[in-house]
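Undergrad: predicted model and sequence below, questions to follow.
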Amino acid sequence: MPDDSYRNRSLRQASSIATVTVVTVGLVLMVYGLVELIRIGTTGLYMLAGGAILISVASLLQVLASMLMKTEANLGRLHQVTLDQHDILQRLEPLVKIISDNSRISDAARSLSNRERELDALRQAIREEMYKGDWEAANYLIEQMEQRFGYKEESKSLREEMATAREMTIEEKLHEAVAHIAKLMDEYRWTRAGQEIQRLIKLFPRHERINALPAELNRRKEVRKQELLTQWNSVVQREEIDKGIEILTELDQYLSSAEAAQLQESARHVFKARLLQMGVRFGLAVQEARWRDALEIGVQIREEFPNSRIAREIGAKIETLRLRAGFIDEGGVAAKPPPPSSKVD
């Protein structure tokens, strides 16, 4: 296609010549009109206006002509591009026909191809549900494989695989639960351990390992009781009063009435020794004017041995001890306690 500068050269030249001619005439009229306006007046004004109008009209027509030629040139280029694209499509048409012929397969072959893809996607979906532990969804997909595709043997195999995976998952959770119960037993938290065992028995009433846990709990409790009894006899012989009270407090939950009666005499001896020990500490605190220590020991004696003679004596003097310890001022009003003094036993 010829270039626009060559194809429209004659039109551009004619338009330019016409414009220059009209502008020249307009300038002449304007100059002559300006001269006449100076000489005569009104007549020169008309000539001046006419020249200006000619110049304006010529300029406007030149602009319009230039725009029309550019528009025509663009349309020509678009037409040429369209022709080129048409030629390309004509050359591609045989290739497209070959591709179309090669891609034509029978409906039966296409159906078999899609069936294999759907079956592979279904197998993958079944295993994903198994890995997530969503057994209901996995079982539904296995039923779809059996009913829709007729793969009964593979469906049976997948159900067995799902049952095995499910049993492994349950066993892992049971192992974690049993380990937690064993930890509770190691910490002597028998009540909590018993609650966890009963919860597991309700969930798995026929599981052999779970049904053996109550007996294991009783065995561990008995072992702990015997350990405490051995420690009790040892501290009684060594007269370790504080340790004995600590052991006896824990041992109380394991003992039957008969067993508690057997320990009554030794326990009485330990408690009497503890009361005597605390009484001595109280007396020393009073003698040394350690009133806060004396008040603390006195309150402890009243809590642990409320029926003892020393507890009654302390109760009679408790207000005096509070006053001297600084918890009550002399007017009977509660005062802010002083900083704690160092405690000497």
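TA: Cool, the structure landed. Residues are numbered from 1 along each chain as shown.

Undergrad: and the helices in the protein?
TA: Here the chain has its helices, by DSSP state H, at 4-7, 9-39, 42-103, 107-132, 135-144, 152-186, 190-203, 208-211, 213-238, 241-251, 257-262, 264-287, 291-304, 309-325.

Undergrad: could you tell me the angle between the third one and helix 9-39?
TA: For helix 42-103 and helix 9-39, the angle between their directions (axes from the mean of the first three to the mean of the last three CA atoms, to 10 degrees) works out to 160 degrees.

Undergrad: let me see the mean pLDDT of helix 42-103.
TA: Averaging pLDDT along helix 42-103 yields 75.

Undergrad: remind me what that helix packs against, helices and strands.
TA: helix 4-7, helix 9-39 (3 or more CB pairs under 8 Å, 6 or more residues apart in numbering; DSSP states H and E). Every C-beta, even on glycine, is put in place using the N, C-alpha and C of the backbone.

Undergrad: residue 137 against residue 129, yeah?
TA: Yes. If you go by CB atoms under 8 Å, residue 137 and residue 129 touch, sitting 4.5 Å apart.

Undergrad: compare neighbour counts for the two and give me the winner.
TA: residue 129 (19 against 15; other CB atoms under 10 Å).

Undergrad: for that one, which non-adjacent residue is closest in space?
TA: The spatially closest residue to residue 129, leaving aside those adjacent along the chain, is residue 138, at 3.8 Å (CB to CB, 6 or more residues apart in numbering).

Undergrad: now for that neighbour, how many residues are close by?
TA: 24.

Undergrad: again, but for residue 97
TA: Neighbours around residue 97, by other CB under 10 Å: 10.

Undergrad: how close does it get to residue 87?
TA: 17 Å (CB to CB, to the nearest Å).

Undergrad: same thing with residue 123?
TA: From residue 123 to residue 87 the distance is 51 Å (CB to CB).

Undergrad: of these two, which one has the most company?
TA: Using other CB under 10 Å as the criterion, residue 123 and residue 87 rank with residue 123 on top: 16 against 10.

Undergrad: could you check how far the more buried one is from residue 327?
TA: In terms of CB to CB, residue 123 sits 80 Å off from residue 327.

Undergrad: please apply the same query to residue 125.
TA: 75 Å.

Undergrad: now do residue 297
TA: Residue 297 is 15 Å from residue 327, by CB to CB.

Undergrad: who's more crowded, the two?
TA: Higher neighbour count among residue 297 and residue 327: residue 297, with 24 against 17, using other CB under 10 Å.

Undergrad: pretty sure that one contacts residue 282?
TA: Yes. Residue 297 lies in contact with residue 282 (CB under 8 Å); the separation is 4.5 Å.

Undergrad: gap between stretch 320-330 and the chain center?
TA: Put simply, stretch 320-330 sits 57 Å off its chain's centre (CA atoms, centre = their mean, to the nearest Å).

Undergrad: cool, stretch 133-140 as well?
TA: So, by CA atoms, centre = their mean, the centroid of stretch 133-140 is 25 Å from its chain's centroid.

Undergrad: what does that stretch rub up against?
TA: 126, 129-130, 159, 162, 166, 169 (CB atoms under 8 Å, 6 or more residues apart in numbering).

Undergrad: reformat the residues you listed as CSV; add pLDDT.
TA: Shown next, in CSV, are the contacts of stretch 133-140 (pLDDT from 0 to 100):
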residue, pLDDT
126, 81
129, 79
130, 73
159, 85
162, 81
166, 75
169, 73
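
Undergrad: put together JSON lines for the residues you listed, with distance to residue 277 on each row.
TA: Formatted as JSON lines, the contacts of stretch 133-140 follow (distance: CB to CB, whole Å):
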{"residue": "126", "distance to residue 277": "74"}
{"residue": "129", "distance to residue 277": "69"}
{"residue": "130", "distance to residue 277": "67"}
{"residue": "159", "distance to residue 277": "73"}
{"residue": "162", "distance to residue 277": "68"}
{"residue": "166", "distance to residue 277": "62"}
{"residue": "169", "distance to residue 277": "58"}
